[in-house]
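**Student:** A structural model of the following input is requested.
(chains A, B, C and D)
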2 protein chains.
Amino acid sequence: MTQSPWQPISPPKPPRPAKAPLTRERIVDAAMRLLVDHGYDAVSMRKVAQELGTGQASLYAHVANKSELDQLLVNRAAEQMEFPAEPDPERWQEQLKDCMREMLRVMRANPGVARAAIGQVPLGEQALLSTEKFLAILKAGNLPDQAAAWAVDLIPLYVTAVSFEETVQSASAWTPADLEGYVGRMRSYFEGLPADRFPLTLALAGALTSGSGGDERFEFGISVITAGLASLAEKP
Amino acid sequence: MTQSPWQPISPPKPPRPAKAPLTRERIVDAAMRLLVDHGYDAVSMRKVAQELGTGQASLYAHVANKSELDQLLVNRAAEQMEFPAEPDPERWQEQLKDCMREMLRVMRANPGVARAAIGQVPLGEQALLSTEKFLAILKAGNLPDQAAAWAVDLIPLYVTAVSFEETVQSASAWTPADLEGYVGRMRSYFEGLPADRFPLTLALAGALTSGSGGDERFEFGISVITAGLASLAEKP
DNA sequence: TCGAGCGTAGAACGGTGTTCGTTAACGAAC
DNA sequence: GTTCGTTAACGAACACCGTTCTACGCTCGA
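**Tutor:** All right, here's what the predicted structure looks like:
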């Protein structure tokens, strides 16, 4: 009993409940729940700590900073990616496209992960495994080393950017009707431009605003990239 | 004299200095100065207001929110882009690459503008004029309408992403020596991976980390995109 | 049994975007 | 010429953010 009796009312000392110990794993779990349920902006150190019933300072004993937590989230999402068993030189282009589709699928399944991934070199184990897989397919396609290396930089760049654009648009829970209205307003905007200075934008207003919500635009992008890469393949 | 003499000391009423009136133009000017001099993170409503010698609330009379200010910055930067006079069907691929290089040049000249542009559909007048120019070149290359439309979505996506990556790396004023050290550490990291699970990453460690600072990687990207687009050209 | 060390966490710091309510300036109308 | 109404300006505040400081309990080794 070191407490002096005349001290100001000692706080009712909330008995520290015997909780499950905090771990990196549990922190990433909680952050991932927030990310999937409420988007990237909901993943703050405060909210994650609150989700775990603790204080934000406690997180810093297990995670260096927010940026590292973002990387861990990206890596966690990368675990969900599934790849073809064996790279096939006969079908490498189709396999490459499949992998990009898979990458987008995972990013869509974890909305906000693109926001966390953007501008970061993915260095986690699972993320690197996906890089390894991409490299295998590209080498099966007979691409020069340097081309393959730069391609595994280009590919996530594109997929991440597409997914990020989608999450920005679908922020604040847009309904399909909202999206349709938005696209319609955008087309009207294009169509209202002065014809003398924007002839092509005006003529292509329909094409410019088509495929905003679906997969066609993404399919176009991965076709362009795949075709471009194929043109660099060595043919010995 | 409606002021009662016995009222609490009225504040010494600082005479509002007769300033130049606040306008959108002046706000964007100040924001652009901050962007170029101190990067995107320095462009906050507070700092912009401070730069103009006013309060942040005053900005909201001229600019809806931070997001709109970002769009205005992107548009301001787009004014600096210079395009070839006439799209030439014989040289459209080279012209397209030149335009992408020009786009990156402007983004590098205005560090942080990529951060402001990312995930936003550029709808400002100058930004749309650049879209128009891109469309003209793509149509000179005989691309189908839909392909051209999706291409003008793909192209800024890529250039912006590359520029954004650069600004992230060059944040907090990295010297070239810092960058070299960073790249070196990354290569060491790759080379230290277990050979059984990361054989290709390990073998290509050099290629994966090469060209991080220069233009080669960007040149690779625009070559891939241009070649991919060329493969879609109609040949009547 | 007693420290030492470590994980925990409350409070605070300095920053952000945005909004509220008041104040000053100016042009129009009486 | 004086009042009125509108509007821009702006200080203060709100609700957040990432991060750090510091003190407190608990556990474990000596």
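**Student:** how about the residues of chain A by DNA strand C?
**Tutor:** Counting by Cβ under 7 Å from any atom of the strand, chain A comes close to DNA strand C at A:Arg16, A:Lys19, A:Pro21, A:Leu22, A:Gly53, A:Thr54, A:Gly55, A:Gln56, A:Ala57, A:Ser58, A:Ala61, A:His62. For every residue, glycine as well, the C-beta is placed using N, CA and C.
**Student:** stretch A:220-236 near chain B anywhere?
**Tutor:** Yes. Using Cβ under 8 Å from any Cβ of the partner chain, stretch A:220-236 reaches chain B at A:Phe220, A:Gly221, A:Ser223, A:Val224, A:Ile225, A:Thr226, A:Ala227, A:Gly228, A:Leu229, A:Ser231, A:Leu232.
**Student:** just the ones of those residues in helices?
**Tutor:** Using DSSP state H, the subset of these located in helices is A:Phe220, A:Gly221, A:Ser223, A:Val224, A:Ile225, A:Thr226, A:Ala227, A:Gly228, A:Leu229.
**Student:** how many neighbouring residues does the fourth one have?
**Tutor:** In this case it means A:Val224. Counted with other Cβ atoms under 10 Å in any protein chain shown, the neighbours of A:Val224 add up to 24.
**Student:** can you list the domain ranges for chain A.
**Tutor:** A:24-77, A:84-230 (automatic domain parsing).
**Student:** may I see those organised as a markdown table, with mean pLDDT added?
**Tutor:** Converted to a markdown table, the domains of chain A look like this (pLDDT from 0 to 100):
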| stretch | mean pLDDT |
| --- | --- |
| domain A:24-77 | 92 |
| domain A:84-230 | 90 |
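**Student:** buried ones in stretch A:143-155?
**Tutor:** Neighbour counts over stretch A:143-155 (16 or more other Cβ atoms under 10 Å in any protein chain shown) mark A:Leu143, A:Asp145, A:Gln146, A:Ala147, A:Ala148, A:Ala149, A:Trp150, A:Ala151, A:Val152, A:Asp153, A:Leu154, A:Ile155 as buried.
**Student:** next: stretch A:161-180.
**Tutor:** A:Ala161, A:Val162, A:Ser163, A:Phe164, A:Glu165, A:Glu166, A:Thr167, A:Gln169, A:Ser170.
**Student:** and the third one, helix, strand or coil?
**Tutor:** Using DSSP: H, G, I helix; E, B strand; the rest coil, the three-state assignment for A:Ser163 comes out as helix.
**Student:** remind me which helix or strand the residue nearest to the spatial centre of chain A belongs to.
**Tutor:** Centrality entry for chain A: nearest residue to the mean C-alpha point is A:Ala114, 1.9 Å, by Cα atoms, centre = their mean. Assigned by DSSP states H and E, A:Ala114 belongs to helix A:113-117.
**Student:** so is the next helix or strand after that helix next to chain B?
**Tutor:** Next along the chain after helix A:113-117, taking DSSP H and E as the criterion, comes helix A:125-140. Yes. Against chain B, helix A:125-140 shows contacts by Cβ under 8 Å from any Cβ at A:Leu128, A:Leu129, A:Thr131, A:Glu132, A:Leu135, A:Ala136, A:Lys139.
**Student:** which ones among those residues also lie next to DNA strand D?
**Tutor:** Within the residues of helix A:125-140 next to chain B, nothing lies near DNA strand D by Cβ under 7 Å from any atom of the strand.
**Student:** what's the neighbour count on the nearest residue to A:Gly211 once chain neighbours are set aside?
**Tutor:** Nearest residue to A:Gly211 in three dimensions, chain neighbours excluded: A:Arg217, at 4.3 Å (Cβ to Cβ, 6 or more residues apart in numbering or on different chains). A count of neighbours around A:Arg217, defined by other Cβ under 10 Å, yields 18.
**Student:** what does the one 4 residues further on give?
**Tutor:** As a burial measure, A:Gly221 scores 24 neighbours (other Cβ under 10 Å).
**Student:** residue contacts, it?
**Tutor:** Going by Cβ atoms under 8 Å, 6 or more residues apart in numbering or on different chains, A:Gly221 touches A:Tyr158, A:Val162, B:Trp150, B:Leu154.
**Student:** repeat that for A:Leu204.
**Tutor:** Contact analysis of A:Leu204 by Cβ under 8 Å, 6+ apart lists B:Leu135, B:Asp145, B:Ala148, B:Ala149.
**Student:** would you list the buried entries among the ones in helices among the residues of stretch A:220-236 next to chain B?
**Tutor:** Looking at these with 16+ other Cβ under 10 Å, the buried ones turn out to be A:Phe220, A:Gly221, A:Ser223, A:Val224, A:Ile225, A:Thr226, A:Ala227, A:Gly228, A:Leu229.
**Student:** name the nearest of these relative to A:Asp88.
**Tutor:** Set against A:Asp88, the nearest of those by Cβ to Cβ is A:Thr226 (14.7 Å).
**Student:** where along chain A do the helices fall?
**Tutor:** Here chain A has its helices, by DSSP H, at A:24-38, A:45-51, A:56-59, A:66-78, A:92-109, A:113-117, A:125-140, A:145-169, A:176-191, A:199-203, A:205-208, A:216-230.
**Student:** between the fourth one and helix A:92-109, how many degrees?
**Tutor:** Between the direction of helix A:66-78 and that of helix A:92-109, the angle (axes from the mean of the first three to the mean of the last three Cα atoms, to 10 degrees) works out to 120 degrees.
**Student:** how about helix A:66-78, does it reach chain B?
**Tutor:** No. Helix A:66-78 is not in contact with chain B by Cβ under 8 Å from any Cβ; minimum separation 10.4 Å.
**Student:** output the contacting helices and strands for that helix.
**Tutor:** For helix A:66-78, the packing partners by 3 or more Cβ pairs under 8 Å, 6 or more residues apart in numbering or on different chains; DSSP states H and E come out as helix A:24-38, helix A:45-51, helix A:92-109, helix A:113-117, helix A:125-140.
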